[in-house]
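[1] quick one, what's the 3D model for this:
(chains A and B)
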Amino acid sequence: MSEQETTQSLISTDVTAGAATERTVDADPVVRSLGLNVYYGEEPALNDVDMEIPRRQVTAIIGPSGCGKSTFLRCINRMNDLVEAATIEGELRFEGADIYGDEVDPVALRRKIGMVFQHPNPFPKSIYDNVAYGLRVQGDTKNLDERVERALKRAALWKEVEGQLDKSALDLSGGQQQRLCIARAIAVDPEVILMDEPASALDPIATSKIEDLIEELAEDYTVVIVTHNMQQAARISDYTAVFLTGGELVEFDDTQTIFENPAHERVEDYITGKFG
Amino acid sequence: MAAETDSVSEFAKDRAVWLRQLKGSLFEVLLIVATLVGVLALLVLFVLIGIDALGPSAADPAWYLLYFATLVTPVSAYTLYVRHDPAVAHVNARAFAVFCGGLALALIAYAVPAALNPYDVAIHAVFAAAPPLVVVAYGRLYGETHLTGPAVPVSVAVGLVCSFVLLGPLNAFTESLPDWVAYFAITTLPVAGILGVLGNRIWTDRGLTTAAFVVAAGLVTVGVSQSRGVDPSLWLVLVSVFLAPVALLVVETFERHPQGRAGLLGPVVLFGGILLGAWIEGQFGITGLDAWLRPTLVLESWSGYRPEQAGIYPQLLGSIMIVSLMTLMAFPVGVGAAVYLEEYAPATGWLGRLASVLDVNISNLAGVPSVVYGLLGLALFRQGLGLTPGILIAAATTLALLILPIMIVSAQEALRSVPDEYRQGSYGMGASRWQTIRNIVLPEAVPGILTGTILAIGRAIGETAPLVMIALATTRFDPPSGLFSGATALPLQIFAAKGNNIPEYRTGVVAAASIVLLALLLLMNATAILIRNRYQND
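    Purely as a prediction, here's the structure:
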């Protein structure tokens, strides 16, 4: 019991130190899911998920392994299309438009909803070409130099790579590579940035840089981040969704409520480490 | 009781350990023997062929001493010197690659058009190359990016159709021109373009100067040759394809890697040693090798009666032309099929089932005996198209069908080795499937695809059985003069010469021609290794 209390107090201090700034829920969510079900073959991965992702906030998705949190993330920009066995039922809307509607082009959708992956995956090209890639594939090459610089500055990488943009991106450190991937994602100026455990492959210092960056990005973008690290979710997010086994969204509320006063016992057990 | 069992078990353990170690070392020895069997067999083969082809027993001891002094000693000393400095070794490797590659390319670029008629080659080349260049230039100038990509292959096809239609009328006009103009168009201009791009990459904005130098050097060569009454064609090609890249390498090394400039001497030491030795040998009348492998072998046409006059020029050129044409046909089809199977084919549905059936069958086709492919070529060309099957295009098509499965499988391997994270990253940024393949997947897979291709070509060069099946002539006295002209290939001639009544053919000529074939193969493999290393370093 006392152990649980210390954990809780630790988290709450983190929350107050971090992203405890008061932000009201947006009446007009960017992404809204209603009764979303996903199956991989016969295997259910998401079970009836209802969720509204608020605009220009950091929304963290936490939960044990295999609870469907990455699946949910990958539904939002239709990366699950690349997994052929996946079937999606229910409603998922981006700015009111049905993401899985027949008239939606997934390629165009992904230009609005960028993604950063678990392992830094810069292309084996120069730093410049990595950041310019998204603009180039969209055929939008006006003021390329300027926009590459702006994206790198926004991703807090400019100072480290200034003057060596033609160096291979693979020569950067892991943390730099991940910030490059973030720069790459924001270069095309998306509305939503999805992050799938973006810091889980990085050391603590690189992680803290990424976390600072994520909080800053929320001023301009809607950030949805999947993480295994509950302290991280508590530190950087405004809202937290807890997925538990079976692909079920158990609770979704502002981060402080989730970590200090969750409505569900299962969520409390998970957060305090009794389960998961 | 306990003590007794302990001592017994200890004794047993010692024996077991000893036995285990013995078994282990026996196994190791067996593995070494297994490794050596292949290498030793190959070594014996090379020695036997080498003795037959070079006749080393005829040479005077003074000859050996001479080449030991001019060739073996300098090359060994130079190798030792190069090895201690990585910068020099790097430059040395590049020098050998440019020197040997340039020389081989120059000889091929001269000989093949000479056999076909340089103006035919030049007209087709110009018509195939000019439209895509115009398209690309237009795209660059007006910032058009959506349609230039698809327009390039279409413009090449249109250009080729035009050139086939216009070949007759244009030939009437070009007949009055000297040959060197055609060679200028097919060698000097493309080399100027490529070196110009390289020059731009090395120095930025010195590309035009570099290209202008190449063109000027070509024109000077033509002027000098004509003033001396020599046909300028061969010299023009040598200067453009061989000397110009070597010169660029020398200039670049002196400006960019001056600490490694000693590496440039590698080819000079090797080839200079051979030339110096040959010169002294001639000057002092030293009895040299009784060699069947000599320059006339690859420069002369075949003779069936006088082994000392037998040359394999038509056969060698036939092999090179068959294999080049085969590559042109098999490469796009093979890579295309591999890209479809790896990147596009769905995993489920009837199309997915079809793709997996195709996948398994292609792997099986890679093992079909080549004789059977010969049968296929025969059926295709004689029964299907009603042509005489023993022609260049039939041989090239048959071999292309033969290597196609090998190429598809190796290209699939190369595509599969591209990490999926790159694809995900590209899709995640709003790239379409084609953009992902074009910009991310294919560039990463190029080394693997090229290595597989060149190994497949290496296999095709040595193929004899399918060519026998499609009734390719074993002996011809001229190289092929067109797509539908009769042709022959080096392995066929080697096989035929083995059955000649005159014993010198069966020993000397066969051995020497085999060495030429092996050299061709080694050249291909060396290229494969170079390309792979280059991409792996990048």
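
[2] low pLDDT regions in the stretch 101-250 of chain B?
    B:145 (pLDDT under 70).

[3] rerun at 50
    Residues of the stretch 101-250 of chain B meeting the criterion pLDDT under 50: none.

[4] close to chain B: what parts of the stretch 101-250 of chain A are there?
    A:107-108, A:110-111, A:114-115, A:117, A:119, A:121-124, A:133-134, A:137-139, A:141, A:181, A:184-185, A:188 (C-beta under 8 Å from any C-beta of the partner chain). Heads up, the C-betas are built off the backbone N, CA and C, glycines and all.

[5] of those residues, select the buried ones using a ChimeraX command.
    Those of these that count as buried under 16 or more other C-beta atoms under 10 Å in any protein chain shown are selected in ChimeraX with:
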select /A:107,110,111,114,115,117,119,121,122,123,124,133,134,137,138,181,184,185,188
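
[6] how far away is the closest residue to residue A:52 other than its chain neighbours from residue B:210?
    Leaving aside its chain neighbours, residue A:52 sits nearest to residue A:29 (3.8 Å; criterion: C-beta to C-beta, 6 or more residues apart in numbering or on different chains). As judged by C-beta to C-beta, to the nearest Å, residue A:29 and residue B:210 stand 59 Å apart.

[7] now residue B:216
    From residue B:216 to residue B:210 the distance is 11 Å (C-beta to C-beta).

[8] more neighbours: which of those two?
    Taking other C-beta atoms under 10 Å in any protein chain shown, residue B:216 and residue B:210 do not tie; residue B:210 has more neighbours (23 against 11).

[9] and the helices in the stretch 151-276 of chain A?
    Using DSSP state H, counting those that start in this stretch, the helices of the stretch 151-276 of chain A run over A:158-161, A:174-187, A:204-217, A:230-236, A:255-260, A:265-271.

[10] out of these, nearest to residue B:30?
    Taking C-beta to C-beta, helix A:174-187 is the member of the helices of the stretch 151-276 of chain A nearest to residue B:30, at 45.3 Å.

[11] nearest to residue B:32, of the helices of the stretch 151-276 of chain A?
    helix A:174-187 (42.5 Å).

[12] what residues of the closest one count as buried?
    Applying 16+ other C-beta under 10 Å to helix A:174-187 flags A:175-187 as buried.

[13] was I right to think the residue nearest to residue A:52 contacts residue A:55?
    Yes. Using C-beta atoms under 8 Å, residue A:29 is in contact with residue A:55, at 6.7 Å.

[14] which of the two has more neighbours?
    residue A:29 (20 against 17).

[15] shouldn't the more buried one be within a helix?
    No. Counting by DSSP: H, G, I helix; E, B strand; the rest coil, residue A:29 is located in no helix; its state is coil.

[16] got the helices of the stretch 151-276 of chain A as a markdown table, with distance to residue B:337 and mean pLDDT columns?
    Formatted as a markdown table, these follow (distance: least, C-beta to C-beta, whole Å; pLDDT from 0 to 100):
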| stretch | distance to residue B:337 | mean pLDDT |
| --- | --- | --- |
| helix A:158-161 | 40 | 90 |
| helix A:174-187 | 32 | 92 |
| helix A:204-217 | 42 | 90 |
| helix A:230-236 | 46 | 90 |
| helix A:255-260 | 52 | 90 |
| helix A:265-271 | 50 | 87 |
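
[17] in a markdown table, list these along with distance to residue A:197.
    As requested, the helices of the stretch 151-276 of chain A are exported to a markdown table (distance: least, C-beta to C-beta, whole Å):
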| stretch | distance to residue A:197 |
| --- | --- |
| helix A:158-161 | 23 |
| helix A:174-187 | 11 |
| helix A:204-217 | 11 |
| helix A:230-236 | 9 |
| helix A:255-260 | 17 |
| helix A:265-271 | 17 |
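
[18] between the ones you listed, which gets nearest to residue B:280?
    helix A:158-161 (59.6 Å).

[19] around chain A, pick out the residues from chain B.
    Residues of chain B lying close to chain A by C-beta under 8 Å from any C-beta are B:143, B:145-146, B:346-348, B:352, B:419, B:421-432, B:435, B:439-440, B:443-444.

[20] and the strands in the stretch 101-250 of chain B?
    With DSSP state E, counting those that start in this stretch as the criterion, the stretch 101-250 of chain B has no strands.

[21] what segments of it are helices?
    With DSSP H, counting those that start in this stretch as the criterion, the stretch 101-250 of chain B has helices spanning B:118-142, B:148-174, B:179-183, B:189-203, B:207-227, B:232-237, B:244-256.

[22] pick the most deeply packed of the ones you listed.
    Across these, the average number of neighbours (mean count of other C-beta atoms under 10 Å in any protein chain shown) peaks for helix B:232-237, which reaches a mean of 23.

[23] what's near enough to touch the closest residue to chain A within the stretch 201-350 of chain B?
    Nearest to chain A, among the residues of the stretch 201-350 of chain B, is residue B:347, at 4.9 Å (C-beta to the nearest C-beta). Counting by C-beta atoms under 8 Å, 6 or more residues apart in numbering or on different chains, residue B:347 makes contact with A:84, A:85.

[24] can we see that at 10 Å?
    A:83, A:84, A:85, B:353, B:355, B:356 (C-beta atoms under 10 Å, 6 or more residues apart in numbering or on different chains).

[25] show the buried residues in these.
    residue B:355.

[26] which one among the contacts of residue B:347 sits at the bottom for pLDDT?
    The member of the contacts of residue B:347 with the lowest pLDDT is residue A:84, at 71.

[27] that older thread, what sits in contact with each of residue A:29 and residue A:55?
    A:95, A:222.

[28] what domains does the record give for chain B?
    Per the record, chain B has its domains at B:2-54, B:61-299, B:307-537, by automatic domain parsing.
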